[in-house]
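> Sequence first, predicted coordinates after that:
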Amino acid sequence: MTSVRSALFLAWFLVVTTILSLIFLPVLILPRGATIWLARVWSRATFFGLKVFAGIDWEIRGTRPRGPVLVAAKHMSMWDTLALYLALDAPAIVLKRELLRIPFYGWFLWKATAIPIDRAAGASALRKMAANARAVLGEGRPILIFPEGTRKKPGAAPDYKPGVAGLYTMLDVPCVPVALNSGVYWTGFYKKPGTIVLEFLPPIPPGLKRADFMRQLEERIETATTRLLP
């Protein structure tokens, strides 16, 4: 039954994504707000299919951050990006530059003010990323980053990258850690029925030393994430 429901959801997702990408392609020439609206429509349509076909619902815990903050989230599946885009107010997402080259998906990410990073460029990439992030914060919008840089399976050993500490230090804003358990229910092709939890944790104030910040960030996210796992 799980295979059938997963296949039905995949079919729904592909059809919805294809239709919306083609119909709304002209949105790319409109102001950014139109692209953000489209991204929310796509996310809601995806979640509708998840609930109807795969039996997956979701809930938010904690206080949603507002305004110019840095949001650092655990990353287990594609679900995370969609959910955080709905939960936050037009966030700019820090992501690998290669993702912007994907037809349609990458174009919409670019228009929605994604913040690309070239990991091979070293310190210069971090400075450019920080400059782009400051511009977003100046608009009163949050920055979203996945500090491990890639998806992790539930229970896998954490591997937090220093880029999040660099942003935290340069931007001098609070950092809101986010725990979640999406990887329990969204496991590649297979979608298992249940309720995914997205939890916003108390913010880490600005001004901490890099080592102290990284220790607190990892400890808070991993502790809360472990608590959410079955």
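Everything's here; your move. No experiment lies behind these values; they were computed from the predicted model shown.

> so where do the helices sit in this protein?
Under the criterion DSSP state H, the chain contains helices at 2-23, 32-49, 79-87, 105-111, 123-138, 163-171, 210-228.

> export the ones you listed to CSV and tack on distance to residue 147, mean pLDDT and mean neighbour count?
All C-beta spots, glycine's among them, are computed from the backbone N, C-alpha and C. Output for the helices of the chain, formatted as CSV (distance: least, Cβ to Cβ, whole Å; pLDDT from 0 to 100; neighbours: other Cβ atoms under 10 Å):
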stretch, distance to residue 147, mean pLDDT, mean neighbour count
helix 2-23, 27, 92, 14
helix 32-49, 22, 88, 17
helix 79-87, 12, 93, 20
helix 105-111, 19, 67, 18
helix 123-138, 13, 80, 16
helix 163-171, 4, 91, 20
helix 210-228, 7, 97, 16
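
> Now distance to residue 149 too, for these, in CSV please.
As requested, those are exported to CSV (distance: least, Cβ to Cβ, whole Å):
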stretch, distance to residue 149
helix 2-23, 25
helix 32-49, 22
helix 79-87, 13
helix 105-111, 16
helix 123-138, 13
helix 163-171, 7
helix 210-228, 13
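
> now for those, which one comes closest to residue 61?
helix 210-228 (9.0 Å; Cβ to Cβ).

> Packing partners of the closest one?
Helix 210-228 sits against strand 70-73, helix 163-171, strand 175-180, strand 194-200, with contacts defined as 3 or more Cβ pairs under 8 Å, 6 or more residues apart in numbering; DSSP states H and E.

> again, only using 7 Å
helix 163-171, strand 175-180, strand 194-200 (3 or more Cβ pairs under 7 Å, 6 or more residues apart in numbering; DSSP states H and E).

> What degree of burial does the residue nearest to residue 193 when sequence neighbours are not counted show, as a neighbour count?
Spatial nearest neighbour of residue 193, chain neighbours left out: residue 55 (3.2 Å); criterion: Cβ to Cβ, 6 or more residues apart in numbering. As a burial measure, residue 55 scores 17 neighbours (other Cβ atoms under 10 Å).

> Show residues contacting stretch 135-150.
Residues outside stretch 135-150 that contact it (Cβ atoms under 7 Å, 6 or more residues apart in numbering) are 65, 67-73, 75, 84, 88-94, 113, 133, 158-161, 164, 167, 171, 173, 217.

> Put the buried members of those residues into a ChimeraX selection.
Only the buried entries of the contacts of stretch 135-150 go into this ChimeraX selection, using 16 or more other Cβ atoms under 10 Å:
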select :65,68,69,70,71,72,73,75,84,88,90,91,92,93,94,113,133,160,164,167,171,173,217
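
> Nearest the middle, which residue of the protein would you pick?
The chain has residue 81 as the residue nearest its centroid, 3.2 Å off, counting by Cα atoms, centre = their mean.

> OK, contacts around that one?
So residue 81 contacts residue 93 (Cβ under 7 Å, 6+ apart).

> Among the helices of the chain, which comes closest to residue 151?
Here helix 79-87 is closest among the helices of the chain (Cβ to Cβ), at 8.2 Å.

> From what I see, the residue nearest to residue 193 and residue 196 are in contact.
No: using Cβ atoms under 7 Å, residue 55 makes no contact with residue 196, being 11.4 Å away.

> between the helices and strands packed on helix 210-228, which one is nearest to residue 18?
Checking these against residue 18 by Cβ to Cβ gives strand 194-200 as the closest, at 24.8 Å.

> Could you list the buried residues of that closest one?
Within strand 194-200, the residues scored as buried using 16+ other Cβ under 10 Å are 196, 197, 198, 199, 200.

> Alright, I will stop here.
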